[in-house]
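K.L.:
could you work out the structure for the sequence below:
(5 chains)
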Amino acid sequence: MSILLLWPVPLLMVALGLIGGNWYWHLPTLLGGVHWGLDGVAQRLLLAIGLVWLVSLLVGRARYQQPRLWPWLLLAQLASLLLPLALDLMSFYLAFVALGLSLYGVIRLCGGSRCSGVGRRYLVLMLVADGLVLEASLPLVAASHGQLLLAPLSAQLSQHPGAGLMLALGFALKAGALLGHGWLTALARRLPAPPLLLVSGLLLAAGLGGWLRLPGLIQGWAGLVIHILALLALLATVGGALNCRQRRPAQGWVVVSQVALLMVLMTSAPQSDPALRLTSAAWLITQQPLLWLLACLPAASGGRRLLWWLAALPWWALLPMLASGEPWLLLPTLLVSVAAAHAAAIGSPDDSLDRRQPARVLLVTMAVAVAGQLAIVTPWLATQRGLTHLLGVGALWWLLAITAAAMVHRYGPRQWPKPLPEGDWLKVLVPPLLVAWDHMLKALASLDQPPAITLGRRHWPRRLLAKAAQLESGLTGGVLASVALLLVLIALAIGWG
Amino acid sequence: MIRSDALLPILVMLPLSLALLLLLSGRWGRFLSLAGMVLTTALAALLLSHGGQPLHHAMGGWPAPLGIGLRADGLATLMVMMTALVCSAALIYGEYWFDGAKAEQGRQFRPLAWLLWAGVNALLLADDLFNLYVTLELLTLLAAGLAALMATQAALTAALRYLMVALIASTAFLLGVALLYGATGTLALELISIRVAANPQPVLVVAMALMVGGLALKAALFPLHGWLPPAHGGAAPPVSALLSALVVKASFYVVLRLWMGPLAPLTGGVGPVLGVLGGMAIVWGGWQALRQHNLKMVVAYSTVAQMGYLFLAFDLLQGAGYASALNGMVLQAVAHGLAKGAMFLAAGALVVAAGGYRVDQLQGMASRQPLAVTALAVAGISLAGMPPTAGFAGKWLLLQAAWLNGQWLWLAVMLAGSLLTASYLLKVVAVTFLPAPVAASVGCGQRLGGVALMLALLALLAGFAVMPMLQLLAPVATTGGWL
Amino acid sequence: MSDAALLLITVSCSLVGGIVIFLLPEQQRGWRTAINLGAALIKILCLLLIVGAVLNGQVLSVRLPFLPGADLVLRADAMSLLFAILSALLWLVTTIYAIGYLEGAPHRRRFFGFFSLCVTATMGIALAGNLITFFLFYELLTLTTYPLVVHRGTPKALAAGRRYLAYTLVGGVVLLTGVLWLQQLLGSVDFSHGGVVSVLADSHRPALVAIFALLIGGVAVKAAVVPLHGWLPEAMVAPAPVSALLHAVAVVKAGAFGVVRICYDVFGIEYAASLGVLQPLAVMAGVTILWGSLRALVQSDLKRRLAYSTISQASYIILGVALFGPLATIGGLVHLVHQGIMKITLFFCAGNYAETLGIHAIDQLDGVGQRMPLTTVAFTIGALGMIGVPATAGFVSKWYLGQGALAADMGWVLWLLLASSLLNAAYFLPLLHRAWFRVQRQPWPEEHIPRRPGRETSLLLLLPPLVTALSVVMAGLWAGAPFSPLVWAQLITALEYRP
Amino acid sequence: MTSALGYAIAGALLVAMGLAAMLLHHHLVRRLIAFNIMGGGVFLVLLGLAPGHGEQADPVAQALILTGIVVAVAATGLALALARRLHQAGGDVRLDHPSSREDDDDQK
Amino acid sequence: MRVVAHRLIVAGCTVVGLALVYAVVNVQGPAPDLALAVSGALAESGVSHPVTAVLLNFRAYDTLLEVAVMLVAPLVAAALPTTAPAPAKPTNDPVLQALAAVAVPLALLLAIYLLLIGASRSGGAFHAAAVLAGALVLLQLATGRSLPAWLTPTRQQPLLILGLALFCAVGWLSLLLGGYFLGYPPAWAGVMILVIESGLTLSLALALWRLMP
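P.N.:
Numbers count the residues shown, from 1 in each chain, chains lettered A, B, ... in the order given. Next comes the predicted model:
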């Protein structure tokens, strides 16, 4: 009987999501004047969140029997119901914080003692995120003479780029994007699927909810910083996915890279039509549970893994990419799909032999696509956007091409060296480019003989020197890669400014 | 019928006559004493109701230069009222304290106490210089006699030491009177002040020094205070209450009376000397009280400290701060009288209950003797000058006077003094909160504590009656001279 | 009923109650409880009548002659009512709690007697109309709280009491000097909106700064500002209702209220700003906030951690005053009430743990959520309030303080608030974590009250924390409601900042 | 230098000597005798300064002296009674500690 | 150390002495108006001798207090619980007894003479009492008994306070009659003074004697 207690709210959410209709509710006494309303954004978010809840409850029926868990789940449900509906900052922030705290309870009670370390790290990040959002919203409210509605607040964002940056970071940290993904991947290893689905889905909704409610978030130099962060996050997550040897962690990284991809898309085309952005966000949120769901199936046969790969492909990204007219955005999407392929390819946790087949097919197609783009699009772009943009985009292509080449090699000879130790904390800090860089060097170096060095954690300065010694043979690749990196940064800075 | 100002002689003679009657009466002495007490206090209240304007009664019908007069201005009426309250409390306390083995001394104590009351009233109302000497002498002998009442060796030694010192002081005072009489040819105070103002001769300064020196000796001002702690500490509680609150206060009152009256023009030089001695008394008395182990000695040294306050105030009686200094002094005197009396009575009750004099024997008294401990605490608060007691009003006015006159040193000393007082009094009260170490202790009634508490509450209530009291003093303060 | 009578009854009903309790013999438990509750209810009733009068613009006041040139004035204006109502309500709750807490303890007569006197002093401080009355009740508060601190009678309690007296007496003397000095310059110093000091000529400016330092120094002792906070953690040795009353309502709040009175009604906030004294005050408050939180982190004893958190929280009020601007003032004033209800909740729960399970240290808290769920819920609400989680009272005041800081363009205060919120989280969340998510490892130290199926501890102990926890949430959620502390603070601020 | 002034000066000297004796001696009876000498000195001063006219001394001064004498007698009587009582109670007849005994010249 | 204290005290006293001499020497006393006032009012005082008039009429209040002072000493002596043995046995020394036989009756006669002469020439209660007390003491020393056996200490009490009681009675009487306290009606002044004086003589003598044993 008691599990039924948890069903009404998600059903209400889905119903609201489906029926729609925009009503508006203002309570003057509560929290100093509260405005709740159901508009387009709220409708889609509610639908997505409702689905996440339904899936999680369905899959995790057995796990949610323990009564200690219910108050936390109920609080999470109420918060996730309030979040989309909130039109004023106060109630939004209340839902935002309540969601974070209640999910901590879910993590600790479902994960048990295995999740205590991660739980603590999660809580710290949540508090920092809440603090950032609060600090950022204060000047905005002060600037708009104390009124709390979100819409006019986002209008203030243009004069307060600093506040905008902090807000963006706060939301991203909550959703596990922009380099804030450390805890999500760690959780992926320790938390059983249903609560994990719940946590990542809801928090993503919270983060994206913020982005959607405050469209003016990415303007001026803040936008640029976020964009760079998004790119770095993308590379890091993809690198991480490729580094995993077990299926479950790899799938976790893939899901995270999806979020990173969304960030890249959102920050790459600020002027793009917000509705488009909304649909892609909503779609991603709905896709999340599907991925986790499939991830938690038992050791899958080849077909099921292929199914997972298809599901994991970032279909939702296609539409905004084409509309934004930024063809180069295809590359990040492809990267994510590569990662998905890799994750799907891992059959059983220890067997890495038969993963070659589908991945290889995909990689070949990707290589061809890259070459085609280089040939056709670059001249077209040169005329369109002027030389600097061309240089920037060109450098970016070149870098990505090398990375792609490294990927291809990745699936080459079996004697691939021992990967970076998984899930260690420092790795998140090591810039993702270094990871790509490492792959690239190995690829170049090992073109003729097997590489002798490994990138262990503790002595990498000394190994860097050893690598330099080895470089004189593969000098060309290294120099070229670093030059490409610099060009990218300069071009973006100029092009964007 | 009876003259309107007959109240003054009655106030002096009624206690005297009662003392004589008590000497004769055997069994019903207790009832006579209580009835007399009520009557005298009522008369004192009647005098109080006369308000500020002064009453004058020429004894024997002879006008000023020839005969002796009795005068009661605001200052005197207040002191008479305070005396009435303290004496009543001490007498009632005496009824309970002198029971069983000490019944014999109790019967002797009663007439002597009444004589003391008469003597103090006579001194307060005296308007004649030689009469002041006689009343002072009466008080001295009575005080020595009462101090020696317990007839223990320590009490006798202390009484004799006190007597010796007091005799020297009286002789000095008499010498001063002689010189003044020689210089001015009259004994009535207001005539003297007129003649002194007429031609201030150098001899008057010597007379002044002698008289003030003698009185300071009697009032146990700092360097000359050696005799007070053993005398007041060793005596029976009602006796030490009377001594500390009244006898010592009486000599201060005479100095004040002379200071404002006849010797007003000469006070220039003496003021700072008294100020310095008073300041040192505050610090020394406080410091000693902090180090005492015997409860009654703590209270005795506190008397030395508080007298320091009163004499320090003499130095404030100048310039802009004159009026508030005078008000402050009088309030401080009245408050100290009530509070010190209550404190000695409470200390006596605690000593009886604890069966010992040492402070650390008082553990657990808060639960066994709540009334006595409360009395001790309230009296302590009044002495330390914490609001809402009258002590606070007195200190506030003295501080204000120091401020107006710009005497920052005295300000600091007074503040430090009140802190010191607070610390050593509350130290004693704190001990009573400790749990009682030994169960058995002589169980005695709360009556002793009750009487002490009544007096302590009077000190507290006086805090609220400050303004009417000051109205009484108004005529004295503003004119600055003798009415 | 004439306003003078009303005011006097408000202040004196607990005084009379206290005296009657002193006279009652120890075993008259029934009567004593009746008197206590009766006095509390009368006081609340009077206050409601006064609020009615004040709302329709009337300012009640009564003037009693006390000293030449300075007389006792009781005045009920908006600000005094804020503190008075807080004290009255919390006193009622604390009395109920104390009755439950001291079940069968010795010396209850003495305890409740001084308890009532203490509240009389607090009420006096709240309703004081001029500086001398404020000082009088301020000193009275010292005297009446001392017996409560040393109530247990153990040598440790006496040491704490002695230290408490040393601090507060010196504070009192410093305050007296300030009051006296101001009295000389200005004659009688009546509180009035916008301050009275500005009328003095400019030649007095350095003197006024010195006076401000003296007054604030004297009051800061009780408000436990950093250099003068030593007594507060020591006073934790007192029984729980005392530390609850001392920290949440009476002493610390009186100190903070003193600062508010001095800055607004004696100096006037504009004049104080022009004197340039607000900046150091803000720095002092900031230092206290951080220092209190940092010290709280390392405490292993539950009540000492709460004590240090009080030290830091009390300075929020001073910070609110020191940030020159209406928003910060609202923040400061409303925090005066919110901190009271939040802190009293925490202390009640700490008292429950100590009384029921004998828990004093923090590492004994493991798994207490199972054993005493309701108390731990109240504790959680209080703790979250302290951290400033939205929908609790704490968030409202931190929100307005943040706004005020921005309005006064003191950027560093914004980051200070963030840092202190995080620190609060750092020392409160582990407690919640232990209570809810840790399983009970060793048996409870001394289980006085066995676990009955329906109730985790005696009703008298359980009810007060729940009521105050509810009020924390209500003050947070319904901040906009007509009679909420926030609206009342806005009303006061409107008076303080003349257009 | 009328004869009255002579008496006054003699009185003053007597007072000084009496005071010295009273402070130096410790034996109670000696101190009482010294006190009486001082008293006598004071009365001489009083008489010397009194503004008597013609041969008869000022009656008020005489009355004062008479009263003074009676008071002195009363004080001495009380002191002696107390001293005797102290002696009976086994106490020493000197107020200070016994060490002051050896400097008394006519040691009994 | 003690020697230094001694020298200090002596030096102090000499300074006091010199100050007194200096003061005494240059006192400019005003005209003797008080003495004239006394002689002027002597007529209504009821006695002819100015000193007795001052003592018992003009400054009667002073004398009253002085008698009270005189009363304190015996009271305190009586109050102290004496643990002393019975008074020593009479020495029955022939010389003493012979002296007593001659001196005591003469002393009694002289006492009565002094009492009565007080009104006109110097004399009065105090002188008479002193002589009477001397006689009693002499009798005690010589014969071991001075007061009759029935006059036990408790019975002596009324006699002891007789003088002061009379004084107060007269004072109250004059006050109740609407006059000033101790304001003798001129006609009766002489008689009243005599009555008071005789009472005083007896009680003062007893008081002085009580101090002896």
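
K.L.:
which of the three states applies to the closest residue to B:A235 other than its chain neighbours?
P.N.:
In this structure, B:A235 finds its nearest non-sequential neighbour in B:A147, 4.7 Å apart by Cβ to Cβ, 6 or more residues apart in numbering or on different chains. The C-beta positions use only the backbone N, C-alpha and C, and glycine is treated the same way. Applying DSSP: H, G, I helix; E, B strand; the rest coil to B:A147 yields a three-state assignment of helix.

K.L.:
list the buried residues of stretch C:36-55.
P.N.:
By 16 or more other Cβ atoms under 10 Å in any protein chain shown, the buried positions in stretch C:36-55 come out as C:N36, C:A39, C:A40, C:I42, C:K43, C:I44, C:C46, C:L47, C:L49, C:I50, C:V51, C:V54.

K.L.:
which secondary structure elements does whichever strand or helix holds C:A328 sit against?
P.N.:
Element membership of C:A328, judged by DSSP states H and E, is helix C:326-352. Packed against helix C:326-352 by the contact rule (3 or more Cβ pairs under 8 Å, 6 or more residues apart in numbering or on different chains; DSSP states H and E) you find helix C:78-101, helix C:240-244, helix C:251-260, helix C:302-322, helix C:373-387, helix C:393-407, helix C:459-477, helix C:485-496.

K.L.:
looking at the ones you listed, which is closest to chain E?
P.N.:
Closest to chain E of the helices and strands packed on helix C:326-352 is helix C:240-244 (Cβ to the nearest Cβ; 51.6 Å).

K.L.:
pLDDT of the helix holding C:A328, averaged?
P.N.:
Average pLDDT, helix C:326-352: 89.

K.L.:
so is the helix or strand following that helix next to chain A?
P.N.:
Next helix or strand after helix C:326-352 toward the C-terminus (DSSP H and E): helix C:368-371. No. Helix C:368-371 lies out of reach of chain A by Cβ under 8 Å from any Cβ of the partner chain, never closer than 8.7 Å.

K.L.:
name the residues that touch helix C:368-371?
P.N.:
Applying Cβ atoms under 8 Å, 6 or more residues apart in numbering or on different chains, the contact partners of helix C:368-371 are C:Y353, C:L357, C:I359, C:T376, C:R434, C:A435, C:W436, C:Q440, C:W444, C:R451, C:E456.

K.L.:
the residue nearest to the second one when sequence neighbours are not counted: what's it in contact with?
P.N.:
Spatial nearest neighbour of C:L357, chain neighbours left out: C:W444 (4.1 Å); criterion: Cβ to Cβ, 6+ apart. For C:W444, the set of contacting residues under the criterion of Cβ under 8 Å, 6+ apart consists of C:L357, C:G358, C:I359, C:Q364, C:R371.

K.L.:
quick check: phi and psi at the residue in chain D positioned nearest to chain B.
P.N.:
Nearest residue of chain D to chain B: D:L49, at 2.6 Å (Cβ to the nearest Cβ). Reported as degrees, to the nearest 10, the phi and psi values for D:L49 are phi -80, psi -20.

K.L.:
and the furthest pair within the buried residues of stretch C:36-55?
P.N.:
C:N36 and C:V54 (26.9 Å; Cβ to Cβ).

K.L.:
so where's chain E uncertain?
P.N.:
E:29, E:31-32, E:81-91, E:213 (pLDDT under 70).

K.L.:
who in the stretch 201-350 of chain B is up against chain C?
P.N.:
Within the stretch 201-350 of chain B, the positions near chain C by Cβ under 8 Å from any Cβ are B:S324, B:N327.
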